[in-house]
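Trainee: generate coordinates for the sequence data below:
(one chain, ligands or ions: 1)
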Amino acid sequence: MITQSLAGDRRDTPVSIRPDRRMIFGGDYNPEQWPESVWPDDVRLMTEAGVTTVTLGVFSWAAIEPADGVFEFGWLDRIMSLMHEAGIGVTLATPTAAPPMWLIEQHPEIMTVDESGMPTGRGGRLGWSPSSVVFREHALRMVRALAEHVADHPALVLWHVSNEISNENGHTFDDETAVAFRRWLEARHSTIERLNDAWGTAFWGHTYPDFEHVRPPRSARTHHNPALLLDFERFTSEALLGHYLAEREVLREVTPDVPVTTNFMVMRSGGVADYERWAREVDVVSNDHYTMGADPRRHEELSFSAARTRGMAGGGPWLLMEHSTSSVNWQKLNLAKGPDEMLRNSLAHVAHGADGVSFFQWRQSRSGAEQWHSGMVPHAGPESQVFRDVCRLGAVLGRLDRVVGSSVAQGDVAIVWDQQSVWALSTSRTPHDDLPFHDLPIAVHAAASRAHLGVDVVPVDDDWSNYPVVVLPNLWLAAQGMTERVDAYVRAGGHLVVTCRSGIVDSDDQVLLGGYPGAYRETLGVRVDEFFPVPGDTLVTATVGDGATWGARHWTERVEATRASVLSRWVDGPRAGEPAVTLNEVGDGEAVYVSTMPDAAGWDALLAALAGRWGLKPTVTAPPALEAVTRRAQDGTDVVFLLNHGDEEARIGLAGHDHVTDAPFGGVVPAGGVAVVATTAEEARA
Ligand code: GLA
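Mentor: Residues are numbered from 1 along each chain as shown. Okay, here's the model as predicted:
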């Protein structure tokens, strides 16, 4: 069995990854997949594009260790030297995302097993079980050999452990996992009686006589006990993190001065990993982000993703490790990006704190499973729109080195993120199970952005008590102490907004009885006795004070305002005439309950009313479609990122130098355009 010490151990995020404090700009570079004769051309084109850093080695285990214990570093030495001579830094991946065929052949038992008990076939990537002792031994031998070999290489700037750990090995139901899961449960629940109690196994007579009887939740004819599923999610996240930690320990031992990261996928729906927890273990937070081409509101999802990643990084800088220059190849319809979309996407991440923009991948593959995924150098070669766009982005980023190491100023609004709630909601059968968790927090974030309120996404375990406004969206699970934390925040003068589907269960997934939302009922001054989901896309409407109405979908409740006053009532829908939104004065603060899921205009109306009431000031005066985020550079300059998501030009009264056009800013951002305006205090006043 594999065990790890799991106490958080993040070293201070370096102010800059590259010693010369330049932005990281580049991508996954897989030279071993090309003839060496192509390499000089790569170097020439990288230089032309302004690439500063590439990620080598992500899938190169078979190239480094072609046979058991036989290591070949010649090609890696040659390419690292070529990079160094060209002034390009190397983020070096440990290649453990791609176990070589010889290892799988020798040890098929390292592979994950699916819910039905079938072992994963070879031919993909990752695919190994984090509880496999044999895999761990081979992986760590590889990591040590690699680290020792490159330890003194001047090009090495950052370690990149494996690749998207959890992506293709998220849940596994193999026998070694079963053993590790039991030991994890023993550590969590101490005795089998406590486990039975916590899981409520009296239901359907599921009582376990012994830990040895518990198994990972393979396919069953009915829904599993949700508390078992929730613990399996927690265990899986820790088991995968355990693999990362094991690799990190070897890297820290051999190269103590090189920071270590692993690329997250924070917006992966459902989410296998508790990234807020993992973030405490990486020296630099890095994220991979791909837009869904068919989603007209994909920019809102992107901004939320970037803000959430910044929150994990404690508000400090982070890296965009992967995105795409144009289409991907894994959606049903893989749309090419529109004019300026790649530039807008890239700069939106930088606006929200990224100190680097990298892509999957440098050269679009000729063969293999991702030959139809865009790259920085497409099949057509450098004579292409994509490569011209890459060069333009490189030039813009080259002018933005001043923001490296800087943060986005803390906003007035904190949206609290809790992975435990994501899991608890997704593992239970609730009154409405067709509501992606992310939609509600994204909607709140987007509305705050349109209103130009400073808004952050903050991990539930961080201290959010100094934010004037705290929003708990879908925080279904209330961990021990959360009720008191939330109440104390309001009493001390805080402004709390709780949405429906929050504060419903405790850490064991047991419902908090006596009326919903059990955890926050007293603070909110409301009591709900039943939920009334709204089918399909039906819009239900509610009043606001001045006779106007706003709309909501999917969810309503029978809300009794026990102490709260009613801010808004339903006009129609299942609860016509009853409270939709309430406000309770508690101590020096106020607690608002939004018992539904407002649409975009609904959130705009609610936020406008609350911002007015609570005296929140916009950070800029600009049209709603113009997203504006400011990073304060090291030299004291404010660098204002302006992203026009609308289809009309947007005007803003701001003077300074636009780093996109490299010319004075004229106060207009074209439809779909982007400007990055560096403005000193004098310029801002002009
Ligand atoms: C992930 C992986 C990459 C590549 C891209 C394609 O991000 O890390 O190796 O497969 O997806 O979008």
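
Trainee: where does the stretch 101-250 of the chain come near the ligand, residue by residue?
Mentor: 163, 164 (CB under 6 Å from any ligand atom). C-beta here means a position set from N, CA and C on the backbone, and glycine is covered the same way.

Trainee: so which residue of the stretch 501-650 of the chain comes closest to the ligand?
Mentor: Residue nearest to the ligand within the stretch 501-650 of the chain: residue 643 (22.6 Å; CB to the nearest ligand atom).

Trainee: confirm that that residue sits in a strand.
Mentor: Yes - checked against DSSP: H, G, I helix; E, B strand; the rest coil, residue 643 lies within a strand.

Trainee: and the residue lying closest to it once chain neighbours are set aside, what element?
Mentor: Sequence neighbours aside, residue 627 is the residue nearest to residue 643 in space, at 4.3 Å (criterion: CB to CB, 6 or more residues apart in numbering). Per DSSP states H and E: residue 627 is located in strand 626-632.

Trainee: quick one: residue 566 from residue 602, how far?
Mentor: Residue 566 sits 16 Å away from residue 602, going by CB to CB, to the nearest Å.

Trainee: what pLDDT, on average, does the strand holding residue 627 get?
Mentor: For strand 626-632, the mean pLDDT works out to 96.

Trainee: which strands and helices sit next to that strand?
Mentor: helix 341-351, strand 407-408, strand 638-644 (3 or more CB pairs under 8 Å, 6 or more residues apart in numbering; DSSP states H and E).

Trainee: turn the ones you listed into a markdown table, including mean pLDDT, distance to residue 491 and mean neighbour count.
Mentor: Compiled in a markdown table, those are given as follows (pLDDT from 0 to 100; distance: least, CB to CB, whole Å; neighbours: other CB atoms under 10 Å):
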| stretch | mean pLDDT | distance to residue 491 | mean neighbour count |
| --- | --- | --- | --- |
| helix 341-351 | 98 | 35 | 24 |
| strand 407-408 | 92 | 29 | 18 |
| strand 638-644 | 97 | 35 | 24 |
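
Trainee: distance of the closest residue to residue 216 other than its chain neighbours from the ligand?
Mentor: Excluding the flanking residues, the one nearest residue 216 by CB to CB, 6+ apart is residue 173, at 4.4 Å. Distance, residue 173 to the ligand, using CB to the nearest ligand atom, to the nearest Å: 24 Å.

Trainee: is residue 173 located within a helix, as I assumed?
Mentor: No - with three-state DSSP as the criterion, residue 173 is located in coil rather than a helix.

Trainee: and the pLDDT at it?
Mentor: Model confidence at residue 173 (pLDDT) stands at 98.

Trainee: surely it touches residue 113?
Mentor: Yes - the pair residue 173 / residue 113 is scored as a contact, 4.9 Å apart, by CB atoms under 8 Å.

Trainee: my read: residue 414 touches residue 470, true?
Mentor: Yes - taking CB under 8 Å as the definition, residue 414 is a contact partner of residue 470 at 4.9 Å.

Trainee: what average pLDDT does the longest helix seen in the chain get?
Mentor: Longest helix in the chain by number of residues (criterion: DSSP state H): helix 226-254. The pLDDT scores in helix 226-254 average 98.

Trainee: buried stuff in it?
Mentor: Within helix 226-254, the residues that count as buried by 16 or more other CB atoms under 10 Å are 226-252, 254.

Trainee: who touches the following helix or strand past it?
Mentor: Scanning forward in sequence from helix 226-254 by DSSP H and E, the next helix or strand is strand 260-261. With CB atoms under 8 Å, 6 or more residues apart in numbering as the test, strand 260-261 has contacts from 158-161, 248, 251-252, 282-286, 319, 321.

Trainee: can you tell me how far the residue positioned nearest the centre of the chain sits from the ligand?
Mentor: The centroid of the chain falls nearest to residue 266 when counting by CA atoms, centre = their mean (2.1 Å). Residue 266 sits 12 Å away from the ligand, going by CB to the nearest ligand atom.

Trainee: I figured that residue hits residue 309, correct?
Mentor: Yes - counting by CB under 8 Å, residue 266 does reach residue 309; the two are 5.6 Å apart.

Trainee: between those two, which contacts overlap?
Mentor: residue 287.

Trainee: re earlier: what do residue 414 and residue 470 both touch?
Mentor: Common neighbours of residue 414 and residue 470 (criterion: CB under 8 Å, 6+ apart): residue 464.

Trainee: got the buried residues for stretch 603-622?
Mentor: 603, 604, 605, 606, 607, 609, 610, 611, 616, 619, 622.

Trainee: dump these into CSV; add distance to residue 516, secondary structure and pLDDT as well.
Mentor: CSV is the format used below for the buried residues of stretch 603-622 (distance: CB to CB, whole Å; DSSP: H, G, I helix; E, B strand; the rest coil; pLDDT from 0 to 100):
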residue, distance to residue 516, secondary structure, pLDDT
603, 22, helix, 97
604, 27, helix, 97
605, 25, helix, 95
606, 20, helix, 95
607, 24, helix, 97
609, 24, helix, 94
610, 22, helix, 97
611, 27, helix, 98
616, 28, coil, 98
619, 35, coil, 96
622, 39, coil, 97
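
Trainee: who touches the residue in the stretch 351-500 of the chain positioned nearest to the ligand in this structure?
Mentor: Using CB to the nearest ligand atom, the closest approach of the stretch 351-500 of the chain to the ligand is made by residue 360 at 4.2 Å. Applying CB under 8 Å, 6+ apart to residue 360 gives the contacts 27, 28, 288, 322, 323, 324, 373, 375.

Trainee: near the ligand too, which of those residues?
Mentor: Among those, the ones lying near the ligand by CB under 6 Å from any ligand atom are 288, 322, 373.

Trainee: does the second one touch residue 289 like I think?
Mentor: Just to be clear, that refers to residue 322. Yes - using CB under 8 Å, residue 322 is in contact with residue 289, at 7.4 Å.

Trainee: look at residue 117 and report its pLDDT.
Mentor: Reading off the model, residue 117 has pLDDT 97.

Trainee: tell me who's in contact with it.
Mentor: Applying CB under 8 Å, 6+ apart, we find residue 117 in contact with 173, 218, 219.

Trainee: wasn't the second one part of a helix?
Mentor: Which is residue 218. No - counting by three-state DSSP, residue 218 is not found in a helix; it is coil.

Trainee: count of neighbours near it?
Mentor: 13 (other CB atoms under 10 Å).

Trainee: cool, and the last one?
Mentor: With neighbours defined by other CB under 10 Å, the count for residue 219 comes to 10.

Trainee: state the distance from residue 275 to residue 519.
Mentor: 23 Å.

Trainee: for residue 403, same thing?
Mentor: When residue 403 is compared with residue 519 (using CB to CB), they lie 40 Å apart.

Trainee: cool, residue 35 as well?
Mentor: Distance from residue 35 to residue 519, counting by CB to CB: 61 Å.
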